[in-house]
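**Q** Predicted model, plus sequence, below.
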Amino acid sequence: MNNIAAKLEMERQFYKLYKGILSLSDFEKWLYSTEEIEKVYNSDFYLRLIELNYRDKYVKSLLLKILEPMIPFASFEQERITLYLEMLLSNKGDAVTILEETYNDYCNGYSFLRSLALNYISGIDSIPKLSAKEQFAESEFLTKRALLNTIQPKLTNEAKRLLAFFKKGKLKIIAEYDYLDTRLEVEQIELHGIEKMF
């Protein structure tokens, strides 16, 4: 693996830990098995990582302070958001889980996700996630998730609309929870056209 590809993979691991996708213990295992970190970054950086006591209850906050400057948030955040939109568009994954994530992202600053966030809090948040299927009888589970079938066309249309803006470069993530929006005001229906969202 060349240095550029290796660095990108390392940054991805840093980002996954930061976002809580990767556990601290998995990160530690990866860290000790990835000696290239020292080559790609430098000895001081690598030593700061391996000298940490990964059993300490405060280690994650210390670790994130070291890693945060190394994470290219813009590209990973845009990749994550567009992946969620593509999953909604193609009806892959659990829509309830995806909408919960988009709701959290909206609350943290991605206001262009308003339509999806409002759909989530207007009833979808009470629908059980696919991961909770075993907690219900099958018929009860399907009944509770029936609302998704009625709202899916709206979700698909909104995902398609937002993805088009990302592809045209009219929406671009520039940092964690910060973005450039060069859409025309009429294209920003989430800001002024609430009746069009429902």
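**A** It's in. Residues are numbered from 1 along each chain as shown.

**Q** Now the residue positioned nearest the centre of the chain: which helix or strand?
**A** For the chain, R80 is the residue whose C-alpha lies nearest the centre (Cα atoms, centre = their mean; 4.4 Å). Take DSSP states H and E as the rule and R80 turns out to sit in helix 73-90.

**Q** Counting neighbours, show which residues of that helix come out buried.
**A** For helix 73-90, the neighbour count (16 or more other Cβ atoms under 10 Å) marks 73-74, 76-78, 80-82, 84-85, 87-89 as buried. C-beta: built from backbone N, CA, C; applies to glycine.

**Q** Tell me the gap between stretch 35-50 and the middle of its chain.
**A** Using Cα atoms, centre = their mean, to the nearest Å, the distance from the centre of stretch 35-50 to the centre of the chain it belongs to is 27 Å.

**Q** And for that stretch, what's in contact with it?
**A** Contact with stretch 35-50 is made by 1, 3, 6-7, 10, 31-32, 63, 66, 70, as judged by Cβ atoms under 8 Å, 6 or more residues apart in numbering.

**Q** Which single one of the residues you listed is nearest to Q135?
**A** Nearest to Q135 among the contacts of stretch 35-50 is L63, at 34.3 Å by Cβ to Cβ.

**Q** for the strand or helix carrying that closest one, packing partners?
**A** For L63, the element it lies in under DSSP H and E is helix 59-67. Contacts defined by 3 or more Cβ pairs under 8 Å, 6 or more residues apart in numbering; DSSP states H and E place helix 59-67 against helix 3-19, helix 24-33, helix 43-50.

**Q** Doesn't K172 belong to a helix?
**A** No: assessed with DSSP: H, G, I helix; E, B strand; the rest coil, K172 is strand; it does not lie in a helix.

**Q** And it, how far from D178?
**A** 10 Å (Cβ to Cβ, to the nearest Å).

**Q** Over to I151?
**A** Taken as Cβ to Cβ, the span from I151 to D178 is 29 Å.

**Q** These two - which one has more neighbours?
**A** A count of neighbours by other Cβ atoms under 10 Å puts I151 above the other of I151 and D178, at 18 against 12.

**Q** My read is that that one contacts Y120, right?
**A** No: counting by Cβ atoms under 8 Å, I151 stays clear of Y120, with 9.9 Å between them.

**Q** For the helix holding R80, list the C-alpha coordinates in CSV.
**A** As requested, the backbone C-alpha atoms of helix 73-90 are provided in CSV (Å, rounded to 0.1, in the frame of the first residue of the first chain):
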residue,chain,number,x,y,z
PHE,A,73,-13.7,15.7,8.5
ALA,A,74,-15.0,17.3,5.3
SER,A,75,-14.4,14.3,3.0
PHE,A,76,-15.5,11.7,5.5
GLU,A,77,-18.6,13.6,6.6
GLN,A,78,-19.6,14.1,3.0
GLU,A,79,-19.0,10.4,2.3
ARG,A,80,-21.1,9.4,5.3
ILE,A,81,-24.0,11.8,4.6
THR,A,82,-24.2,10.8,0.9
LEU,A,83,-24.0,7.1,1.9
TYR,A,84,-27.1,7.6,4.1
LEU,A,85,-28.9,9.4,1.3
GLU,A,86,-28.0,6.7,-1.2
MET,A,87,-29.3,4.0,1.3
LEU,A,88,-32.6,5.9,1.6
LEU,A,89,-32.8,6.2,-2.1
SER,A,90,-32.1,2.5,-2.8
